[in-house]
Structures are given as structure tokens and as C-alpha cells.
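Colleague: No sequence on hand, only this structure:
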Ligand code: ARG
């Protein structure tokens with residue numbers, strides 16, 4: 001019997017190969033999906049073969065990931081709990097769908113992944129796999145065996161499975177959209193991460209450039225089509241990948257892109273999460289700022305609620321939930337006029353938008369200016385303010401009178417405000 005295993009080349013999935021062989025007697029087919037993790041894919045294939053898989057697939061899904069997942073996240077300003085740009089969460093359903101494809105090709109409906117029972121990734125893999133292939137059987141050896149990392153490391157040592165030295169310290173998951181670092185000393189939420197946790201973002205003050213820099217981002221219908229000179233016109237997915245890689249490198253060099261927060265996992269655990277996501281943070285911030293220029297306050301307020309819901313669904317493994325498609329349709333409708341240019345300035349780890357423009361800008365300098373040339377008729381404001389505050393003013397009067405009556409009757413004490 002064959003089993004198709006999602007294989008990253010890391011500790012969990014390497015242990016999983018051997019476990020599927022010895023415990024279940026399966027022929028293991030490994031599937032490594034390239035979502036821009038920048039690992040040595042040849043070395044991963046060799047590692048899988050050294051552990052004895054019968055077949056290995058390497059699938060380049062970077063363009064699909066950029067176009068069909070990351071760009072949706074940009075349009076949705078996808079930040080789970082206001083912070084995490086969802087890199088891992090976005091890649092999981094794509095990886096799961098590729099494993100389902102391979103299993104079909106290999107004539108099996110037994111699927112496997114290396115997730116533990118404590119994380120979100122099991123939720124994302126299981127639900128996507130079941131949604132795409134309802135009759136499949138899913139095996140998750142690390143979860144099923146309740147293995148800890150120490151037990152896994154010991155098992156790997158006994159079985160002669162090679163483990164990268166970084167994997168001994170941290171559990172890493174990375175792709176085009178970000179890098180998640182977990183485990184080791186990061187589990188002490190009351191301590192600053194050590195510098196060696198970071199690979200993408202320059203954290204050494206001595207190595208940060210002394211100058212500031214600008215990043216020019218051009219958007220068309222809510223998605224970036226150029227960052228500085230790197231372009232991705234007309235849905236050019238190859239260009240999207242290059243643009244995001246470029247932004248990661250540049251913002252990371254200027255020290256921008258670290259996230260360190262407490263996150264609520266689907267399974268109820270609060271965890272300390274550390275990420276590097278230079279491109280995601282700068283692009284989403286620029287996109288948000290452009291939206292503020294072209295959308296009405298009503299659209300912005302409503303879209304924020306949709307964004308929160310979108311991020312929660314993406315985070316919690318419900319990428320294929322029909323509501324997600326509904327939200328995406330709403331979001332797409334809001335993006336019709338989200339076209340224009342945004343300039344982000346970076347300096348020693350900080351970044352901010354310093355300029356924005358759009359042919360559809362609702363910003364009217366004539367209305368906004370405090371100088372001469374104003375087109376705003378201030379005399380209209382007086383009546384407006386009176387009506388705007390009407391209920392608040394009435395409520396304050398009514399309550400004050402009520403309180404004064406009770407003081408007279410000796411029921412209430414005289415308060416400072418009374
Ligand atoms: N907390 C993040 C998430 O749930 C990152 C998970 C990283 N996964 C990993 N296997 N290290 O999306």
C-alpha cells in the first residue's frame with residue numbers, strides 16, 4: 001500500500017517517513033511543495049530517498065501560491081489578531097491540495113502529514129484534504145503517537161535519520177510570505193528572542209544601513225504590480241514571486257519585518273510566535289494606506305470586519321469554507337478603485353508610508369487645507385455639529401437632572417460630576 005506524505009525535509013516529516021514504514025508497512029511517496037521556502041530541494045529529495053521512500057515528487061507551486069493565495073491576503077489586509085500575515089496558514093491548503101493530487105496519481109487515498117496535535121497545521125491539512133477527498137484516510141504519526149520533539153530527536157538518532165542542526169534548536173516554517181520560528185528559547189514568552197533566531201531581518205544594529213531608503217509600490221485593483229523596478233503586470237505570477245522576494249530582501253536588510261506576539265491557536269493554546277515577514281508587512285501597510293485614500297469611511301469600516309473574519313477563516317484551516325469565497329467576492333468588489341502609488345520609507349528597523357496617490361483619490365486638498373483656497377464652507381459645520389451630538393447632549397442633561405433629584409431626596413451622594 002502506498003501513502004502520500006507531505007514532506008518538508010524537517011524533523012517531524014522525516015520521522016514520519018520511517019514511522020509509516022515500520023509501524024504501518026507502507027510504501028511512502030513523499031511530496032515536497034515549493035512555496036518559496038528557499039530550501040535545497042535536491043537535498044530534501046535525497047534525504048527522503050535516504051530514508052527509503054519509493055517515490056518523491058517536488059512540485060513548484062510558487063507562482064500559484066503568489067497569485068492565488070498571497071495576493072488574496074494583500075487585498076484582505078490579512079493579519080491574524082492584527083499581527084500575523086498568515087504565511088504558514090496560506091501555504092497549508094495549497095500543499096494539502098498537491099498531496100491529494102499526487103495520491104490520486106499514485107492510486108491511493110491514504111494521506112499523511114507530519115503535524116503535531118498541538119498546532120494549527122493539522123487543522124489546515126486535515127480539513128483541506130477531507131474537503132478535496134472525502135473518502136481519504138489521514139495519518140499523522142507525530143500526533144497519533146503523541147511524540148514530543150525530544151522523543152523525535154532520539155528516534156531520529158536511533159534510526160540514523162539526519163537532522164539539520166537548526167531543527168535541533170527551532171521549528172521553522174518558511175515560504176515566500178514569511179518565516180515562522182517556534183520552539184527552543186522562544187517558548188519563554190517573557191524573554192527576548194536570541195539574535196540567531198532571525199535569518200531574513202537584519203537585527204544587528206551595527207550592520208543596519210546608516211541611510212534610509214524608499215520602496216515604491218504600485219497597485220492595480222488592490223494588488224501590487226510593481227515594487228521599485230520589479231514588475232508583475234497583467235497577472236504575471238512569475239513577476240509576483242520576484243516582487244515579493246525583492247521586497248523581503250530590501251525591507252529585511254533595513255531591519256523591517258519582525259513580529260513577536262502572543263497568538264491564539266485554534267486548539268485553544270496561547271503561544272508566543274515570532275515571525276519574519278518584511279514583504280508582507282510593508283505591502284499590507286502600503287495597501288491599507290492606499291485604501292484609505294480611495295475608499296469611503298463606510299467601506300473602510302465595514303471592510304475591517306470582513307478582514308477580521310477572513311483572517312480568522314484563513315488561520316483556522318477554513319480556506320475552502322464557502323464563506324471564504326463570499327468574502328473574497330466582497331473584497332474584490334472593494335478593490336475596483338484601489339489603484340495607485342505608495343511610497344514606504346524605511347530606516348533602521350522602522351517603516352512608514354510617506355506618500356500616496358491615485359487617480360481615484362477621494363482626498364481633496366481644497367477641502368482639507370487650512371490655508372487660503374479652501375473650498376469647504378465652514379458655516380455648514382455649526383448645524384451639523386449640533387445634530388451630530390444631539391443625543392449625547394440630551395442624554396447627559398437627562399442623567400444629570402435625574403442625579404440631582406436623587407441628591408435632593410438624599411438617595412445619592414453628591415459626586416464630583418454631580
Ligand atoms: N503559528 C503559525 C501558524 O499557525 C506558524 C506555524 C508554524 N508551523 C511550524 N510547523 N513551525 O500559522
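Modeller: Perfect, I can see it now. Everything numeric in this text was worked out from a predicted model, so none of it was measured.
Colleague: Contact distance from the ligand - what residues of the protein qualify?
Modeller: 88, 89, 120, 121, 171, 173, 180, 182, 263, 273 (C-beta under 6 Å from any ligand atom). Where you see a C-beta, it was placed from the backbone N, CA and C, and this is true even at glycine.
Colleague: could the residues you listed go into CSV alongside secondary structure and distance to residue 394?
Modeller: Formatted as CSV, those follow (DSSP: H, G, I helix; E, B strand; the rest coil; distance: C-beta to C-beta, whole Å):
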residue, secondary structure, distance to residue 394
88, helix, 52
89, helix, 48
120, coil, 49
121, helix, 54
171, strand, 58
173, strand, 56
180, strand, 52
182, strand, 54
263, strand, 44
273, strand, 47
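Colleague: Among the residues you listed, which one has the most neighbours?
Modeller: residue 89 (27 neighbours; other C-beta atoms under 10 Å).
Colleague: pLDDT at it, what is it?
Modeller: We have a pLDDT of 98 for residue 89.
Colleague: show me the contacts for it.
Modeller: Applying C-beta atoms under 8 Å, 6 or more residues apart in numbering to residue 89 gives the contacts 80, 120, 124, 314, 315, 317.
Colleague: same thing but 6 Å
Modeller: Neighbouring residues of residue 89 by C-beta atoms under 6 Å, 6 or more residues apart in numbering: 314, 315.
Colleague: any idea how far it is from residue 178?
Modeller: Remark: distance between residue 89 and residue 178 (C-beta to C-beta, to the nearest Å) = 10 Å.
Colleague: How much space separates residue 228 from residue 181?
Modeller: 28 Å.
Colleague: Who has more neighbours out of these two?
Modeller: residue 181 (24 against 15).
Colleague: so that one sits in a strand?
Modeller: Yes - under DSSP: H, G, I helix; E, B strand; the rest coil, residue 181 falls within a strand.
Colleague: ok, it touching residue 196?
Modeller: No - in this structure residue 181 lies outside contact range of residue 196 using C-beta atoms under 6 Å: 10.0 Å.
Colleague: Name the helix or strand of this protein that has the lowest mean pLDDT.
Modeller: Least confident helix or strand, the chain: helix 165-169 with a mean of 77, by mean pLDDT, DSSP states H and E.
Colleague: Off-centre distance for that one?
Modeller: Here helix 165-169 is found 24 Å from its chain centre; the criterion is C-alpha atoms, centre = their mean, to the nearest Å.
Colleague: in that helix, what's buried?
Modeller: Buried residues in helix 165-169, counted by 16 or more other C-beta atoms under 10 Å: 166, 167, 169.
Colleague: And for stretch 219-239?
Modeller: Buried residues in stretch 219-239 (16+ other C-beta under 10 Å): 219-220, 222-227, 230-232, 236-237, 239.
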